[in-house]
Every structure is written in C-alpha cells, then in structure tokens.
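Novice: kindly generate the corresponding structure for this input.
(chains A and B)
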2 protein chains.
Amino acid sequence: MGFGNAGRELARILVDRGQDLGDRMGFRLLVTGICTRTRGAVIDPSGLDMRRILAGLQETGALPGWGSTGRGEGSNAGAAEPDTYDFIRECPSDAIVETTPLNIMTAQPATSYIETALRLGKHVVTANKGPVAWHYRRLATLARDMGVRFLFESTVMDGTPIFNMVSHCLAGCSVIGFSGILNSTTNFILDEMKEGASFDAALEKAQRMGIAEADPSLDIDGWDSAAKTAVLMNVLMDARVTPVDIDREGIATVDDAYLRNLGSSGRSLRLVCEGTRSAGRVRIAEIEAGHSFAGIAGTSSILSLQTDLMGEITLIESHPTVTQTAYGLLNDIIEVATGSPSH
Amino acid sequence: MGFGNAGRELARILVDRGQDLGDRMGFRLLVTGICTRTRGAVIDPSGLDMRRILAGLQETGALPGWGSTGRGEGSNAGAAEPDTYDFIRECPSDAIVETTPLNIMTAQPATSYIETALRLGKHVVTANKGPVAWHYRRLATLARDMGVRFLFESTVMDGTPIFNMVSHCLAGCSVIGFSGILNSTTNFILDEMKEGASFDAALEKAQRMGIAEADPSLDIDGWDSAAKTAVLMNVLMDARVTPVDIDREGIATVDDAYLRNLGSSGRSLRLVCEGTRSAGRVRIAEIEAGHSFAGIAGTSSILSLQTDLMGEITLIESHPTVTQTAYGLLNDIIEVATGSPSH
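Specialist: Have a look, this model is predicted:
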C-alpha cells in the first residue's frame, strides 16, 4: 500500500534478491497487489511480475490497472481511484506493507488501513511513524489478539535495527532511557547555519536536496522528533504517550549569530530527543566537540539507549538513502516470513 | 568453566534475575557445576545454590568442593585440582559457559575444552576470543554437525550485540567490511599520551586502574586487536584467517611529542581495526575531530559495519564494566535456551 520512493526501492530489492532470500531462509515471497492513491492499483493472486510493474510505471507513470493482470479479483477493476479498504479486503495476502502518505498529526489514514488489515488477520509492516506514535498500544494489542505481527522498524532511523535489536539481542535487558538525533532536516539546517548560512537559506538548500519536505514545519517545529520520541518510549519502555505529551522545542527560534559563533568553539547545536518511561522531550542542546552527537552530520542519525545491564549502547546510521528505508521494510517482512517471536 | 570476574558477575545476575527471565521466556536455568583452576570445582545435578556459592567464595576463597554439595557425581570428588576434561564429561548440562584463562596466541586450553564439550553435544558459550580467532570454521562446523550452538557475543565489545545483531537483525544484508576501535588498553594509553603523559606513565596508570593486564604486550603490540579483527572477518564475512594473517601495528613506537602536539589540533591517534573479506589490518590512524572514532574515550569501543543494503551502521559501547561482559554471556545463554536459529 503506497508505492512511492521506499515502496519502489523495496520492489527493486525484491526483484534482485527476493528469490535468493526466500530460498536461503525457507519462504516464498509474492507481491500479490499494489495499491496507490494516484497511480491505480493492481492485484494478482499468483504474484505480480515486479520487473514489468517497475518498467511500466517508469513508462506510463501508472500501474497496469487493478485487476488487469489478475483474475478479476477486484470489485473495482479498472477504477481510477481504487478504494483502499476494498483493496485490503480483496487482495489475497498474508501481510501488507503500508507506506501510504500520512498526516503525522492525525496518523490517518494509515492507522485505519493498519487496523483494517490487522482485523483481517494480516501481518502489517509499516514505514509510517504516526500510527506507532499515536496508537501503539491499541494496534499492538490488536495484532497480538489476532495472532499476527505489527512491525515498524523503518519508522526510526530507517532500517537501522532498533526495535529488532532490543527485542532479539537485548533479551533480559531493560531499556531505561534514550537520547538521540533523529531528524535529518533540522540536523542539516543547524549544520548549515553553523557554517554561516541563514535559517531561510539553509532550509531552501535542504528542500533543494530533497532532505526537507515542501512543508517542512513538522520537522522545524520538532513534531517529527516528538513523534519518534513517542514511538521509542511506547515501544521500548511501555510508555503510554502521544506526540503532544512530549515537551517539544523547534529550531525556528535559533539565533543565527549565536550558532555561527559556536562554530569556532568546536561545539554544535543539535535537536536532541530524550526519553525515559515517564517523560520525553525534544530540545535544542549544545554539544561538546568530541561527544558522539557532535559528529552526526546532515542526514545521519544517532540513538543512545540506556539499559540496566548493558549500560549505554549507541547506534549510528550514516548518510542513509532510500535503500535503507526499504531495507527496514524488507527486514520486517523477513521477520514476518520467518515467524520470529513477537515484540 | 572458569569463575573469575565475568563468571561471578554472571552468577550474581542469575541470582537476581534468572528465575524471572526463565519464567518470562519459557525456560528454567540451573547451574549444575562450576569448575575453576585454583578454587576447586563443584557439581550438583539438581542445581547449585548460587547465592550460597558466591557467599562461600567470598568467605573461604574457594568453592565448596567438587561433589560435596552434589550426589557424588564427580570422580574427582574432593580433589584439589579438578581435571577440566573430566568435569566437562561428568557435569550434567546442556551447555557450558567457557571463561577459563586463555593464552591468546595458542587459544589453548580453551579450544580443547570447547571442542570436548561440542563433541559431547553440549552447547558452548565462550568469552574467549582465541578459539574464534584461530579455529572458528572448525568449531562452528563441529557445532553444526552436533546440532548445538557455539556462541561468543562477549568476545568483541563485551555484550554489545554484534554477532547477534548481524544474524538476527540484518537478515538479507551482507557485511562487506568494518572498522573499529576494539582495544581499551591502547585507546586509554593514546588518550593519556595526548594529554601529556609518557608511554610508560600511561601504561602504569592503565595497569593501576585495572584496564591493562600485568603483561600488557598483547594489547600494546596489537595482538588483541588482531585477534578481534580475525574474529569479525571469520564470523561476519566467512573469511578464513587467523591473527597472524592480520597486517598488524602496535602503539609502542608512537612518538610522545608528536601525540602531544596533536592534542591542540583536535585530532587523535587511534589503534584502528579494519577488515574486508579478503584482508584485515590493525593500524595507528590519525582521526579528525568530529569523526565518530575521535570521541571514543578510554574503555569505550566502536565498530562500524559496512553493508550492502544498509550502508554503514555503527555501534558504540560506552564505559563498560564487567557487567557488560557478563551480559554478553547471559544473552548467549538466552539464545541457547530459546533455540533461536543458529549463525
């Protein structure tokens, strides 16, 4: 569901490696349907030819059309604007991969899609942080009740294994807090401003490079960081928070001159996410030269987990591309396919 | 096997959490025997009272004596110097946790102990890097043939999940190279020298703080780093190397004055381990201020994995204590107990 940059990159990886992966790990992966908002939808219970789909999309800008390559399964065959709920119900699949465009402040329509799929007994893998930030407890409980997985590795630091690492590799260990730099746009802008750029010039450059959204306000105002903070608190520490519960600071009020002067001192400003089980915040912090947070440039990100037995473990993702987001989806799909124990 | 700092810390964690862990994860953990070189050995098929063992060890400096708390299983009951091979054969157990003192250059006697246990169909968890650096292929093949696990998470960066992360959380992804700072002694000494200490004074301080061994030559000359490099190459990239195959540099020849002058520039010297599938080296590298390697102080360590799909992922362990080593053993024990798929 959704076939934007991440979905298409995932499709390319599956074309290249899907067969080999399945052979090695003992499963067979078929893409039985794709549903988009503006490019149509397509279902084939026997498995879509993804190579052809990708080529066709590049040529015509659209999918071959719901039902046109399949066996007429879709009630909306040929419809220009497929109904997504119909798609979820009618596309025969064990799992859905949800990458639809999302309003982060309402977490919709992604949350409704996910809920619909879970209620049908389908595993769900999502790249959307909204549903996990706002509705984690409800969706996780629903998934457990239905005996399916609800996975979302790529919602924080793309495919860097955070949730999978804690669940598979830190058994017996409790996460008691975290801090991290988890938003590329603000990190990039703060770096540019330190080098002398104005806020507006830095933002424009970020947009030109495709790092910032056309509407960057959710990044700038710290909402994206607050959503990720809520996700980490809810999932890793069993908190019950939403993004509005996070004490939040944005970067729009940072003083250009102050930041420029900081440059020569070796110190940096970073928008830092912090959380414990009981409280989360997003704040502008001055980082000493030599601190691991100081070296996180541009689109890179960092997360330090404080644990009871393992002390502090830190993960860094360096200069990710869309491949890393797609890999996060693939990793969750492999989790589903190999039936590892649930979170 | 072996009941030094790491073994005793593991025992303390098991006293505190073993019951709860087993309840939550569906297994029951009994310590049925402990074998040491100088403090005796003890076997109890119904499970040792670890609280009493730890208290007794603190009081008398020795274990209660092989067989004395058990049912007379041991042929060497009461012997002052238990035969370790007899212990492995006669102690009823599904797994052994191997933490015996080791000669890193011969990997013995740990390798023979491990081999004996594997041939008896016992899972092996070890904290000793030697056997993995010198004999990984043989031991891993033997374990596979016997249907048991051979695990060694704590050999590199203590309990930081490297091997478990790659095997559980990077499925479908290939590691194609790595670089890291993996030796505390040399890292500490280089930092001290940068602050103005002589090599000898820095080494003495490291020994006083318990960071460096009484014989620090294996650290200083880069052998410890070379062994870890070989472990990572063998396990993560299916290489067939031993520590002597690693192009190795030590820190004994580093010039005091050069290092002191470096201080003001913000740059640092680090003993860096690097590996690909075909070649490994340990070298003194000058690290720029702001690079993630520059901030790795004292006993902390860092490892960057280069992968095909996930780009570069970096793990940092901050200021570990013996608890982190013990946690690595515990995590492997949980792996064994929960029967996750093998490496």
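
Novice: only C-alpha atoms for contact and neighbour calcs from this point on.
Specialist: Will do.

Novice: what residues are up against residue A:140?
Specialist: residue A:150 (Cα atoms under 8 Å, 6 or more residues apart in numbering or on different chains).

Novice: what helix or strand is it located in?
Specialist: helix A:129-146 (DSSP states H and E).

Novice: then residue A:206?
Specialist: Under the criterion of DSSP H and E, residue A:206 resides in helix A:199-208.

Novice: which parts of that helix are buried?
Specialist: A:199, A:202, A:203, A:204, A:205, A:206, A:207 (16 or more other Cα atoms under 10 Å in any protein chain shown).

Novice: could I get those as JSON lines with distance to residue A:143?
Specialist: Output for those, formatted as JSON lines (distance: Cα to Cα, whole Å):
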{"residue": "A:199", "distance to residue A:143": "43"}
{"residue": "A:202", "distance to residue A:143": "42"}
{"residue": "A:203", "distance to residue A:143": "40"}
{"residue": "A:204", "distance to residue A:143": "41"}
{"residue": "A:205", "distance to residue A:143": "41"}
{"residue": "A:206", "distance to residue A:143": "38"}
{"residue": "A:207", "distance to residue A:143": "37"}
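
Novice: could I get these as CSV with pLDDT and distance to chain B?
Specialist: CSV is the format used below for those (pLDDT from 0 to 100; distance: Cα to the nearest Cα, whole Å):
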residue, pLDDT, distance to chain B
A:199, 92, 23
A:202, 94, 21
A:203, 94, 23
A:204, 95, 25
A:205, 95, 23
A:206, 93, 21
A:207, 93, 23
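
Novice: nearest to residue A:319 among those residues?
Specialist: residue A:206 (14.1 Å; Cα to Cα).

Novice: got the contact list for the nearest residue to the closest one once chain neighbours are set aside?
Specialist: The spatially closest residue to residue A:206, leaving aside those adjacent along the chain, is residue A:212, at 5.2 Å (Cα to Cα, 6 or more residues apart in numbering or on different chains). Residues near residue A:212 by Cα under 8 Å, 6+ apart: A:184, A:185, A:203, A:206, A:219.

Novice: touching, the last one and residue A:189? I think so.
Specialist: Pointing back at residue A:219 there. No: with contact defined as Cα atoms under 8 Å, residue A:219 does not reach residue A:189; the gap is 10.6 Å.

Novice: comparing these two, which residue is more hemmed in?
Specialist: Taking neighbours as other Cα atoms under 10 Å in any protein chain shown, residue A:219 and residue A:189 compare with residue A:189 leading, 27 against 20.

Novice: angle of the helix or strand containing that one against helix A:199-208?
Specialist: For residue A:189, the host element (DSSP H and E) is helix A:184-194. Angle of helix A:184-194 versus helix A:199-208, following axes from the mean of the first three to the mean of the last three Cα atoms, to 10 degrees, is 130 degrees.

Novice: from residue A:331, how far off is whichever residue of the stretch 1-150 of chain A sits closest to chain B?
Specialist: Closest approach between the stretch 1-150 of chain A and chain B, counting by Cα to the nearest Cα: residue A:21, at 6.3 Å. Residue A:21 is 11 Å from residue A:331, where distance means Cα to Cα, to the nearest Å.

Novice: again with residue A:34
Specialist: Using Cα to Cα, residue A:34 is found at 19 Å from residue A:331.

Novice: counting neighbours, what do you get for residue A:265?
Specialist: Residue A:265: 10 neighbours (other Cα under 10 Å).

Novice: residue A:1 too?
Specialist: The burial count for residue A:1: 22, using other Cα under 10 Å.

Novice: which pLDDT value goes with it?
Specialist: If you check residue A:1, the pLDDT there is 95.

Novice: contacting residues for it?
Specialist: Counting by Cα under 8 Å, 6+ apart, residue A:1 touches A:34, A:35, A:36, A:96, A:97, A:98, A:99, A:100.

Novice: could you rerun that using 10 Å?
Specialist: A:7, A:33-37, A:41, A:84, A:87-88, A:96-101, A:110, A:113, A:126 (Cα atoms under 10 Å, 6 or more residues apart in numbering or on different chains).

Novice: which ones among those residues lie within helices?
Specialist: Secondary structure from DSSP state H places A:7, A:84, A:87, A:88, A:110, A:113 of the contacts of residue A:1 in helices.

Novice: how about the fourth one, nearest residue that isn't a chain neighbour?
Specialist: Just to be clear, that refers to residue A:88. residue A:117 (6.3 Å).

Novice: just checking, what packs against the helix or strand where residue A:178 lies?
Specialist: Assigning secondary structure by DSSP H and E places residue A:178 in strand A:175-181. Secondary-structure packing of strand A:175-181 (3 or more Cα pairs under 10 Å, 6 or more residues apart in numbering or on different chains; DSSP states H and E): helix A:223-237, strand A:268-275, strand A:280-287, strand A:301-307, strand A:312-318.

Novice: dump these to TSV, plus mean neighbour count and distance to chain B.
Specialist: Output for the helices and strands packed on strand A:175-181, formatted as TSV (neighbours: other Cα atoms under 10 Å in any protein chain shown; distance: least, Cα to the nearest Cα, whole Å):
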stretch	mean neighbour count	distance to chain B
helix A:223-237	26	16
strand A:268-275	25	10
strand A:280-287	20	11
strand A:301-307	22	9
strand A:312-318	22	5
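
Novice: a markdown table for the ones you listed, including mean pLDDT and distance to residue A:142?
Specialist: Shown next, in a markdown table, are the helices and strands packed on strand A:175-181 (pLDDT from 0 to 100; distance: least, Cα to Cα, whole Å):
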| stretch | mean pLDDT | distance to residue A:142 |
| --- | --- | --- |
| helix A:223-237 | 97 | 15 |
| strand A:268-275 | 95 | 25 |
| strand A:280-287 | 96 | 25 |
| strand A:301-307 | 98 | 27 |
| strand A:312-318 | 97 | 30 |
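
Novice: domains of chain A?
Specialist: Under the assignment automatic domain parsing, the domains of chain A span A:5-158+A:322-338, A:175-317.

Novice: out of those, flag the one nearest residue B:105.
Specialist: Residue B:105 lies closest to domain A:175-317 among the domains of chain A, at 28.9 Å (Cα to Cα).

Novice: hmm, back to that, what's the spacing between the helix holding residue A:206 and its chain's center?
Specialist: From the chain centre to the centre of helix A:199-208 is a distance of 23 Å (Cα atoms, centre = their mean, to the nearest Å).

Novice: what lies in contact with whatever helix or strand comes next after that helix?
Specialist: Next along the chain after helix A:199-208, taking DSSP H and E as the criterion, comes helix A:217-220. The contact list for helix A:217-220 (Cα under 10 Å, 6+ apart) reads A:104-105, A:183-187, A:189, A:203, A:212-213, A:223-227, A:249-253, A:271.

Novice: for helix A:217-220, what is the average pLDDT?
Specialist: The pLDDT scores in helix A:217-220 average 94.

Novice: one step back: ok, and the closest non-adjacent residue to the residue of the stretch 1-150 of chain A closest to chain B?
Specialist: Nearest one to residue A:21, counting by Cα to Cα, 6+ apart, is residue B:172 at 6.3 Å.

Novice: next one, pLDDT for the one you found please.
Specialist: For residue B:172, the model assigns a pLDDT of 86.

Novice: that's a strand at it, yeah?
Specialist: No: using DSSP: H, G, I helix; E, B strand; the rest coil, the assignment for residue B:172 is coil, not a strand.

Novice: ok, it - contacts?
Specialist: Residue B:172 makes contacts with A:17-18, A:20-22, A:24-25, A:327, A:330-331, A:334, B:166, B:308-309, as judged by Cα under 10 Å, 6+ apart.

Novice: give me the subset of those lying in helices.
Specialist: Going by DSSP H, the helices hold A:17, A:18, A:20, A:21, A:22, A:24, A:25, A:327, A:330, A:331, A:334, B:166 from those.

Novice: how many neighbouring residues does the first one have?
Specialist: It stands for residue A:17. 13.

Novice: test my guess that residue A:164 contacts residue A:329.
Specialist: No: using Cα atoms under 10 Å, residue A:164 is not in contact with residue A:329, being 12.0 Å away.

Novice: neighbour-wise, which of the two wins?
Specialist: residue A:329 (28 against 23).
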